[in-house]
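A.B. asks: Provided below for reference: sequence and predicted model.
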Amino acid sequence: MIAIWGLAAEGGDPEAIETPFGAVKFTRGAVGGRKAVFLKRNGDARARVAATVELDAQRVIAVFAALSLRPELSAGAVLTPVDVLDQTRSGPTTFFEGCGLGYVQMTPPFCPQLRATLASGLPADASADAIVAACPARAITLAEARAWSALGADVAAWGLAPEWNLARELERCYAPLLLVGESTQAALPLLERALQTVQPEPECGCSRLNPGAHRALGDERRTWVQSCAALARDD
Ligand SMILES: [Zn+2]
């Protein structure tokens, strides 16, 4: 099962799943011959991640309409960035408040195998080493766009943080797909192509990103959030 965030499925009856952070609506479908669940990007990002874990989707393709910070990246450009500059200032940034288990490696920040799969569906001239700035939840200023560009960012996207970090805490394979100046629905044909080549099961290190949580809370990630809350209460 692959989760696709930020993109609506064609057809498919709406369903809902309860999480400790609220109910999440989703639809089931298929892309590139693979079963997929489609989740819109609204509400608490923790609910979206928890729902994805509950639905047993190990891989998350996060689709965004993005803003170009470089003149050479014009409308219609599609890319899967290699790294992120987090320019957001608000949370929630962790599932593990008060129990100190949210430390996961950020080198790399995204699943390399899932990125490679997405890249296989991109045009040959797509930027392979782009850096994305994660925007705060408001319009950005011209000074911010200039500053982020000077820091090395090529594009900017809303909603990437904190969802990506939260997804990594619960050991999802997470890779962003950015469409400059386009609706996210334009990603569907590209995903149809790319997911023809996806491995049946991930062969990456993402399922062991949070060894501290495995040691303290066991291997069932569905119970990690509740177990952390209990641990924090006991202290
Ligand atoms: Zn992975």
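C.D. replies: Cool, got the structure.
A.B. asks: need the residues of the chain near the ion, please.
C.D. replies: 111, 173, 202, 204, 206 (C-beta under 5 Å from the ion). In this view, the C-beta of every residue, glycine as well, is placed from N, C-alpha and C.
A.B. asks: the last one: how many residues sit nearby?
C.D. replies: The one in question is residue 206. 22 (other C-beta atoms under 10 Å).
A.B. asks: give the contact list for it.
C.D. replies: Applying C-beta atoms under 8 Å, 6 or more residues apart in numbering, we find residue 206 in contact with 58, 111, 168, 171, 172, 173, 174.
A.B. asks: report the two of those separated the most.
C.D. replies: Greatest spatial distance in these: 58 and 168, 12.4 Å, computed using C-beta to C-beta.
A.B. asks: between the two, tell me which one has more neighbours.
C.D. replies: Shown here are residue 58 and residue 168; by other C-beta under 10 Å, residue 168 has more neighbours (23 against 19).
A.B. asks: state the distance from the residue nearest to the more buried one when sequence neighbours are not counted to residue 25.
C.D. replies: The shortest distance from residue 168 to any non-neighbouring residue, by C-beta to C-beta, 6 or more residues apart in numbering, is to residue 104 (4.9 Å). As judged by C-beta to C-beta, to the nearest Å, residue 104 and residue 25 stand 27 Å apart.
A.B. asks: which of the two has more neighbours?
C.D. replies: residue 104 (20 against 14).
A.B. asks: wait, the more buried one sits on residue 166?
C.D. replies: No: the pair residue 104 and residue 166 fails to qualify as a contact (C-beta atoms under 8 Å) at a distance of 10.1 Å.
A.B. asks: next, count neighbours for the residue nearest to residue 112 when sequence neighbours are not counted.
C.D. replies: Nearest residue to residue 112, sequence neighbours excluded (C-beta to C-beta, 6+ apart): residue 204, at 6.3 Å. Neighbour count for residue 204, taken as other C-beta under 10 Å: 18.
A.B. asks: repeat for residue 119
C.D. replies: 16.
A.B. asks: please apply the same query to the one 3 residues further on.
C.D. replies: One way to gauge burial is a neighbour count; for residue 122, by other C-beta under 10 Å, it gives 18.
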